[in-house]
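Visitor: Generate coordinates for the sequence data below:
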Amino acid sequence: MITVEKVLTTPAFNGAKVVAGKFGLKNYVKLVTVAEVPDAANWLEGGELICTTAYFISKEVKYQILWIKSLKENGAVALAIKTDRFLGKIPISIIDIANSLNFPIIEMPSDTTWPNVIESVMNPLLNEKIKTLKRAEEIHTKLTSLLLENESVKKISDVISLLVENPIIVEDARLNHIATSDKYIYETELSDEAINMRLSNSIRNKIKSTNFYQDVMRNKEESSFEFILEIEDKQITNIITPIVSRKVTYGFITLLNVSENISEIDFIALNHGASAIALQLMKETIHNQAMQNNYIALVDDLVHGRIHSDLVNEYIVLDNVKSTLMCTAVVNLKLYNADDEVYTWENNEITLINLIKKHLLNFFEQVIIGNNELTFIIIVFQSKLKSAQMTKYYQKKLINILNQCRDNKLIKNYSGGIGSSYTELIHLNKSFKEAETALSITNSFSKTNNVPILLYEELGLHRIISMIYDFNELNIFCEEFLGDLCTHDEKNNDVLKETLYMYLKCNGIVKDTANNLFIHSNTVRYRLNKIQKILKHDLNTLEFRVTYLFALEAFYFLNKKH
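Guide: Residues are numbered from 1 along each chain as shown. Model (predicted):
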């Protein structure tokens, strides 16, 4: 694009004078047109240099002001007036309004012809367009070669930074950092500070709250978005462009305008760069999915006892087999869906697997994760822990990373179970079955259990209940001990069953029961008197306290199952 200032150097403007709006000479000219009617502004597309004799506004000041305003509001960038025909000289009203709008008014010589002006402006415009097209082709070729050479996203961001002469940041769809162009490519006094501020959580959260971000996630927006960072009394424009391919948002690319010199070709480079990165991320996604398919098959071999398969021989690396502890977790994850959140994601499982694996590898020597949609089987190996420490340690680290995923809205909720640890691969089958049992208990007793991932070795009564396969007998048992109590609660809209359960869980301590139920101790005692009158057995005996606790646990288990 060329500026009004540049246009004034062309032959047709020899002898022309800028009489108003000099601060608008940096405006970019996209087109030149002639306007001799009052409603000319309605037909503008933006970026026009307007040529006129101003015949229809020659005598009325109010029309002069209104017409200049309408041209400016509809995108015109300058007005060239041949005054000798009707105006004589440019009225002060036009000069005043043009100065207030920074809208250049150019007084043309009397011998000016509009065809000469149009030719004089269009020639450099066409030359500039040809240069832009050639440059765009060069950029496309350069970025395509990077893709063919399978260069990394980091390398692509470095090349884009060279093209636009500004720092570049690449992030995923949740604005997690992927790459930043190298400092040596384009470093200024403010570049480091601008990059750090742009990557801060506060700025990321502000971007996430914008309509632009929300619309990109809904596949309603693919254009760029600009916002300002203020650093040391300077304003740094950030241009953020979605990385989108086939309606899938892979992330965002941000240009930090520390050089204060952005051209049309820079926007072309940014858009081509976004497309190139989208293709590279797509290739990486396909590769990751292929690798994950191998891990799914590997986990399937391990948990079904096929420990001599080719995959096991290829992937399992144990320096000291006899002393290496191995343990299996089975986890169910619930994602945010379209009804809960505005985001639409693809490859959630791969994202989660990579995050979980990266975190767990800080604490375990090897981590293998397989999944069936949102049921994850996670096997860890560690030779530096004792058997008594392994499962507790694993439980703590797994809960930590899943809580982080939940806090970052990667998942909505989760539940899991962890089997016992063993030192032989053949026993991973047993650890897996134990983890499945623990998961089943976690899900069945979620109402009364605050731990989202249970250890099989700590199941207690729940473990015994899970071994009972004859649900009819279990129902009969629950009815015998709890039937009258349930009937009372249903008829009287009472909560004696829940009170008894909490009382037994609190080892018969009234104060603890009251605290957990958020009621007064006297209320607990009152309810216990009612309960004792309904039950057939004495709650003061250890045998029946255990029996009723078992019956209540079984009752909640059966109701969860159904």
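Visitor: all helices for the stretch 201-350 of the chain, in order.
Guide: 201-208, 211-217, 264-303, 310-315, 348-360 (DSSP state H, counting those that start in this stretch).
Visitor: Let me fix that, I meant to ask about the stretch 1-150 of the chain.
Guide: 4-7, 61-73, 92-101, 114-148.
Visitor: got the angle between the third one and helix 61-73?
Guide: Orientation check (axes from the mean of the first three to the mean of the last three C-alpha atoms, to 10 degrees): helix 92-101 against helix 61-73 gives 30 degrees.
Visitor: just use 4 as the starting number from now, easier for me
Guide: Sounds good: first residue 4 from here, last item helix 95-104.
Visitor: ok so, going back, tell me the most buried of the helices of the stretch 4-153 of the chain?
Guide: Mean neighbour count (mean count of other C-beta atoms under 10 Å) peaks for helix 7-10 among these, with a mean of 20. All C-beta atoms are positioned from the backbone trio N, CA, C, and that covers glycine.
Visitor: domain parsing for the protein?
Guide: 5-128, 153-286, 319-468, 471-564 (automatic domain parsing).
Visitor: Nearest approach to Asn297 belongs to which of those domains?
Guide: domain 319-468 (9.4 Å; C-beta to C-beta).
Visitor: Figure out the helix or strand that Asn543 lives in.
Guide: Taking DSSP states H and E as the criterion, no element holds Asn543; it sits outside all helices and strands.
Visitor: mind listing what Ile5 touches?
Guide: Residues in contact with Ile5 (C-beta atoms under 8 Å, 6 or more residues apart in numbering) are Tyr31, Val32, Pro127, Leu128, Glu131.
Visitor: Tell me how far the most centrally placed residue in the chain lies from Tyr216.
Guide: Among the residues of the chain, the one closest to the centroid is Arg177, at 1.8 Å (C-alpha atoms, centre = their mean). Using C-beta to C-beta, to the nearest Å, we find Arg177 at a distance of 10 Å from Tyr216.
Visitor: what does Leu401 give?
Guide: Taking C-beta to C-beta, one finds Leu401 at 31 Å from Tyr216.
Visitor: ditto for Lys494
Guide: For Lys494, the distance to Tyr216 - C-beta to C-beta - is 54 Å.
Visitor: Tell me which of the two has more neighbours.
Guide: Tyr216 (23 against 8; other C-beta atoms under 10 Å).
Visitor: one step back: which residue, neighbours along the chain excluded, lies closest to the residue nearest to the centre of the chain?
Guide: Asn411 (7.2 Å; C-beta to C-beta, 6 or more residues apart in numbering).
Visitor: circling back: does the residue nearest to the centre of the chain count as helix, strand or coil?
Guide: coil (DSSP: H, G, I helix; E, B strand; the rest coil).
Visitor: again, but for the one 5 residues further on
Guide: When classified by three-state DSSP, Ala182 comes out as strand.
Visitor: Can you give me every residue that contacts it?
Guide: Applying C-beta under 8 Å, 6+ apart, the residues contacting Ala182 are Ser155, Val156, Lys157, Ser160, Ile172, Val173.
Visitor: which of the residues you listed sit farthest apart?
Guide: Across these (C-beta to C-beta), the longest gap, 15.0 Å, separates Ser155 and Ile172.
Visitor: How about Asp218, nearest residue that isn't a chain neighbour?
Guide: Glu224 (3.6 Å).
Visitor: Tell me how far the one you found lies from Val498.
Guide: Distance from Glu224 to Val498, by C-beta to C-beta: 51 Å.
Visitor: Could you check which of these two has the larger neighbour count?
Guide: Set Glu224 next to Val498 and count neighbours by other C-beta under 10 Å: Glu224 wins out with 17 against 14.
Visitor: Thank you, goodbye.
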